[in-house]
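Peer 1: Have a look; sequence and predicted model below, questions after that.
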Amino acid sequence: MTDHVSSAWTVTTRTRGTSVAIALIAVVIVAGFATPFFAPRAVIQDLFFILTMLVLAQCWNLLAGYAGLVSVGQQAFVGFGAYAMFAAVSLLGMDPLLAIVIGGLAALVLSVPTAFFVFRLQGAYFAIGTWVIAEVVRLSLAQWKALGGGTGTSLPSGATRDMPGVRLVADLLHVRGPQATDIVCYWLALVLAIVTIGLIYRLLRSKQGLGLAAVRDNREAARSLGVDPLWTKSFVYLVAALVTGLTGALIYVQKARISPDAAFSVPDWTAYVIFIVVIGGIGTIEGPIVGVIVFYILQNLLADYGSLYLLFLGLLGILIMLFAPRGLWGVFASRSGIQLFPIRRMLAARTDTKND
Amino acid sequence: MALLETHGLTAFYGDFQALFGVDLVLNEGETVAVIGANGAGKSTLLRSISGLLRNAPGHIRYDNAEIGALSAPDVVRLGIAMVPEGRKLFPSLSVEENLLIGKYGRSVSGTWTLDAIYDLFPVLKERRSSPGTALSGGQQQMVAIGRALMSNPRVLLCDEISLGLAPVVVKDIYAAFPRIRATGASIVIIEQDIGQALKVADRFYCMMEGRVTLSGTPGTVSREDIHAAYFGAHKP
Amino acid sequence: MNWADTIIQGVLLGGLYALFAAGLSLVFGIMRLVNLAHGDLIVLAAFLILLLVSTLGLNPFVAAAVALPVMFAIGWVLQYVVLNRTLGDDILPPLLVTFGLSVVIQNGLLEGFSADSRRISAGSLETASIQVGPISIGTMPLLTFLSAVAVIVALNLVFYRTSLGRAFRATSDDSSTAGLMGIRSERIFATATGIAMMVVTIASLYLGTRANFDPTQGPARLIYAFEAVIIGGLGSFWGTLAGGIIMGVAQTVGAAINPEWQILAGHIAFLLVLLVRPRGLFPRAVD
């Protein structure tokens, strides 16, 4: 990252602690892959939940935080991806791993006509428009009798046990089939999370990413710079749909049981995700990571309180939005100057050339 | 006795300082013109008085009270009305509604009623139900002045009335000022166009780069001095 | 199946949807704010009326009259203290704050009233009907529709014939110049939301007496209201009534074909209008 500006200056995205951050990230990734070798099944399931929520949060953050597209309807892609996976496994007898890819592609295909409709709505109305689409998809799939209609269905027994890798994991770690399935799903979620964060990081550092920031900050200015806001936003919307669909399919391979109400749940796939991003810090890659950890802790401490817990979460979200709109990470980063995923370009004095 | 007075008034747009200690006095019943080139700080001065720009307290006195920190709605309720630059009529309101909104939420008594405004600018009566923005520029300016008068203000602030209007139209509008003065209102007129403003003003201030560079009475100051204060060519 | 009957029932149902939508339309028209908690506020008002009926033994209509000023005050304070802070060029704060509010109200109601579905009893009115030729029209649905028309007429009168309405329009046009007229936009916005909450109270009276309701029903009401507003076109109250009617007719016709298609048919009608007339059927606002 050394675009040439002048002999004494360089454009950099590095901040204090970048090399520390790289080392930290590497340690986390290695530890993440190694966890199943020593952790009990409950931990693996919790980590799977955290990772899948993280991916959903990164996607929502990409839409809202970077493209200014506030969607309240991402459950459409979670549910559609999951249903497509179920259809591929149950009706076509496909391997679940392949079916996850089918789920992602199905969500991508769905997002094309969806974008056509919702992009006709401006600003705030876009939000409710996405919600309407999600309702339409939910109500339509509830008509699909082969997949259980309104009550839902389960994956054929044995489908996930025959997944590639499951038997190998079972033999290698001396665990039983269902636990091996969880471990494979966990590794897949880990890969998905790493790839998603990596892709978003690269996207935001690329030329398109700059265009995206321009679109969010000033539509007219962006247009005058030759960035087509509609095209840029559509691209982001489609990418988010693909990844959200993959995640939905993966979640339901692990759950192995689906119903329209669960797969298209607004609280599970949108409200939680929004709180994760808002609490952690909207418009940063670190924000959703912090948010999902806080969310997981809160859920473990308070989930027994049921609706009181959600009430608290809602209040917390409102207070953060009103008084610390950059979220926990935003407050931390502005105090410390630390960024794990630096994407802001800064002018820095060159140290590798002498000033004359 | 000063009705309205600024003392060392400063104003900022973010980091940019637009006023550097402006002193201005407006006496009861007086008409004062503030002239200066584009960017001299004239409009900033009016926006500060009217409350569109909030100031640190202690620099603007009106009727023996400090008003620098008040919001625009509070300032107008005290009797200082403004004709904003660019007229700023409300497009969703008819001509008559634009006039009526000038006294929103208050029961004000005084000379200026709908009928009195229509008497001052008869053309507005014919077009009372048209949308305000369907009128010509000159007529829109009349609505903007009428709208400010509807609150029967003690101080009327006029920001660049002649801007973008043909000279003959400007002359028509300025012809209304003697009648406005006759009701006892004190007036501040901001203009780039010196001619009309100095004709109706008792005193004038000339501004450049956020400071008052000259003040006096029209007729007693030479054109050369005004020219110098206005453009900064030869400082006196 | 009697088509005339189905369509009349649909039109009357549309009155209810127009009541859901009118408040949303008013608030959006004045401050460009989309309140994602609108549906939950309707359900909140229904519980307020239920509480007044069950504890004080009031007639539901009297209870609604008592609830009107209470809901006005809730709306006023909500706007003045919370929502005014979120207004600005960025659409994220209002959306996320009202989304949080929606979650708070929903779960607060669950906590206070449990998830059981409730109904406000309107006594013999519930089953009363008027016979018009071969068609029987329920008194309550008819009352709902007439209330919707009355609300739309009243909103139009306020908006176009009063000094408050002039202030609404002026603030919506240009709030900073409106300030020069002595208009305090924060209070104008608070009053607008207060009035929207009074419309919400009327809507909730009919929501609560016509069918069962529970704390989780808000979001669906928000969606119907939103669809009615968009179908009608932003900024037109009569358009909102027309949008409500289209939604109502689409739903009853859908339900007549297959009971499972009721809700879906309404959404599809909305998407079709969006396809053909993206700015709605009777748009007024230029944005």
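Peer 2: Here it is on my side, so go on. Numbers count the residues shown, from 1 in each chain, chains lettered A, B, ... in the order given.
Peer 1: Low-confidence stretches in the stretch 1-150 of chain C?
Peer 2: Within the stretch 1-150 of chain C, the ranges that satisfy pLDDT under 70 run C:1.
Peer 1: got it, and chain B?
Peer 2: Along chain B, segments meeting pLDDT under 70 span B:1, B:233-236.
Peer 1: Find the closest residue to chain A in it.
Peer 2: Using Cβ to the nearest Cβ, the closest approach of chain B to chain A is made by residue B:14 at 16.8 Å. To be clear about C-beta, it is placed using only N, CA and C from the backbone, and glycine gets the same treatment.
Peer 1: The closest residue to chain B within the stretch 51-200 of chain A: neighbour count?
Peer 2: The nearest approach of the stretch 51-200 of chain A to chain B comes at residue A:122, 19.3 Å away (Cβ to the nearest Cβ). Residues within reach of residue A:122, counting by other Cβ atoms under 10 Å in any protein chain shown, total 13.
Peer 1: pLDDT value on it, please?
Peer 2: For residue A:122, the pLDDT comes out at 77.
Peer 1: how much space between the residue of chain B closest to chain A and residue B:105?
Peer 2: Look at residue B:14 and residue B:105: by Cβ to Cβ, to the nearest Å, they are 32 Å apart.
Peer 1: The two: which has the busier surroundings?
Peer 2: residue B:105 (16 against 5).
Peer 1: That one contacts residue C:167, doesn't it?
Peer 2: Yes. Assessed by Cβ atoms under 8 Å, residue B:105 is found in contact with residue C:167 at 7.4 Å.
Peer 1: quick one: buried residues of stretch B:121-129?
Peer 2: B:121, B:124, B:127 (16 or more other Cβ atoms under 10 Å in any protein chain shown).
Peer 1: Could you export that stretch as PDB, keeping only the C-alpha atoms?
Peer 2: Extracted in PDB, the C-alpha atoms of stretch B:121-129 (Å, rounded to 0.1, in the frame of the first residue of the first chain):
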ATOM      1  CA  PHE B 121     -48.100  45.500  -2.200                       C
ATOM      2  CA  PRO B 122     -51.500  45.400  -4.100                       C
ATOM      3  CA  VAL B 123     -50.200  42.800  -6.600                       C
ATOM      4  CA  LEU B 124     -50.100  40.200  -3.800                       C
ATOM      5  CA  LYS B 125     -53.800  40.400  -3.200                       C
ATOM      6  CA  GLU B 126     -54.500  39.300  -6.800                       C
ATOM      7  CA  ARG B 127     -52.300  36.300  -6.300                       C
ATOM      8  CA  ARG B 128     -53.100  35.400  -2.800                       C
ATOM      9  CA  SER B 129     -54.100  31.800  -3.500                       C
END
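Peer 1: Can that stretch be said to contact chain C?
Peer 2: No. Stretch B:121-129 does not reach chain C (Cβ under 8 Å from any Cβ of the partner chain); its nearest approach is 12.1 Å.
Peer 1: Need the contact partners of that stretch.
Peer 2: Here stretch B:121-129 makes contact (Cβ atoms under 8 Å, 6 or more residues apart in numbering or on different chains) with B:94-96, B:99, B:117-118, B:134-135, B:139, B:142-143, B:145-146, B:176.
Peer 1: how about a cut-off of 6 Å?
Peer 2: Residues outside stretch B:121-129 that contact it (Cβ atoms under 6 Å, 6 or more residues apart in numbering or on different chains): B:94-96, B:118, B:139, B:142.
Peer 1: any idea where the helices of the stretch 101-250 of chain A begin and end?
Peer 2: Under the criterion DSSP state H, counting those that start in this stretch, the stretch 101-250 of chain A contains helices at A:123-141, A:166-173, A:177-205, A:207-217, A:219-224, A:229-255.
Peer 1: And the residue of chain B closest to chain A, its phi and psi?
Peer 2: phi 60, psi -120 (degrees, to the nearest 10).
Peer 1: Which one of the contacts of stretch B:121-129 is nearest to residue C:38?
Peer 2: residue B:94 (31.1 Å; Cβ to Cβ).
Peer 1: List phi and psi for the closest residue in space to that closest one that isn't next to it in sequence.
Peer 2: Excluding the flanking residues, the one nearest residue B:94 by Cβ to Cβ, 6 or more residues apart in numbering or on different chains is residue B:129, at 5.2 Å. Backbone torsions of residue B:129, given as degrees, to the nearest 10, read phi -100, psi 0.
Peer 1: Confirm that residue B:205 sits in a strand.
Peer 2: Yes. The assignment for residue B:205 is a strand, going by DSSP: H, G, I helix; E, B strand; the rest coil.
Peer 1: Report the beta-bridge partner residues of it.
Peer 2: Following DSSP bridges, residue B:205 is listed with bridge partners residue B:34, residue B:215.
Peer 1: where does chain A dip in pLDDT?
Peer 2: Those would be A:1-17, A:214-227, A:343-356, if you go by pLDDT under 70 across chain A.
Peer 1: quick one, helices of the stretch 1-150 of chain C?
Peer 2: With DSSP H, counting those that start in this stretch as the criterion, the stretch 1-150 of chain C has helices spanning C:3-31, C:38-56, C:60-77, C:92-113, C:139-161.
Peer 1: Kindly report the same for chain B.
Peer 2: Remark: helices assigned in chain B by DSSP state H are B:42-50, B:72-77, B:95-100, B:114-120, B:122-126, B:137-149, B:167-174, B:177-182, B:194-200, B:223-231.
Peer 1: Give the full set of residues in contact with the residue lying farthest from the centre of chain C.
Peer 2: What lies farthest from the middle of chain C is residue C:180; by Cα atoms, centre = their mean that is 32.7 Å. Shown in contact with residue C:180 (Cβ under 6 Å, 6+ apart): B:72, B:82.
Peer 1: Please repeat the previous calculation with a cut-off of 10 Å.
Peer 2: B:47, B:50-52, B:72-73, B:75-76, B:80-84, B:88, B:102, B:147-148, B:151, B:157, C:174 (Cβ atoms under 10 Å, 6 or more residues apart in numbering or on different chains).
Peer 1: can you pull the contacts of residue B:157?
Peer 2: Contacts for residue B:157 (Cβ under 10 Å, 6+ apart) come out as B:4, B:26, B:34, B:45-47, B:49-50, B:75, B:80-84, B:148, B:186-190, C:180.
Peer 1: what do you get if the cut-off is 8 Å, keeping everything else the same?
Peer 2: Residue B:157 neighbours (Cβ under 8 Å, 6+ apart): B:46, B:49-50, B:80-83, B:148, B:187-188, B:190.
Peer 1: repeat for residue C:149
Peer 2: Per Cβ under 8 Å, 6+ apart, neighbours of residue C:149: C:15, C:241.
Peer 1: now residue C:173
Peer 2: B:90-93.
Peer 1: among those, which two are most distant?
Peer 2: B:91 and B:93 (7.4 Å).
Peer 1: Please identify every residue contacting each of the two.
Peer 2: Common contact partners of residue B:91 and residue B:93 (Cβ under 8 Å, 6+ apart): B:131-132, C:173.
Peer 1: Pick out whichever of residue B:91 and residue B:93 has more residues nearby.
Peer 2: When neighbours are counted by other Cβ under 10 Å, residue B:91 and residue B:93 differ, and residue B:93 comes out ahead with 23 against 16.
Peer 1: ok, that one touching residue C:170?
Peer 2: Yes. Shown here, residue B:93 and residue C:170 form a contact pair, counting by Cβ under 8 Å, at 6.1 Å.
Peer 1: Quick check: buried residues in the strand or helix carrying residue C:178?
Peer 2: Using DSSP states H and E, residue C:178 maps to helix C:175-180. Buried residues in helix C:175-180, counted by 16+ other Cβ under 10 Å: C:175, C:177-180.
Peer 1: Please compute how far that helix lies from its chain's middle.
Peer 2: Centroid separation for helix C:175-180 versus its chain: 29 Å, with Cα atoms, centre = their mean, to the nearest Å.
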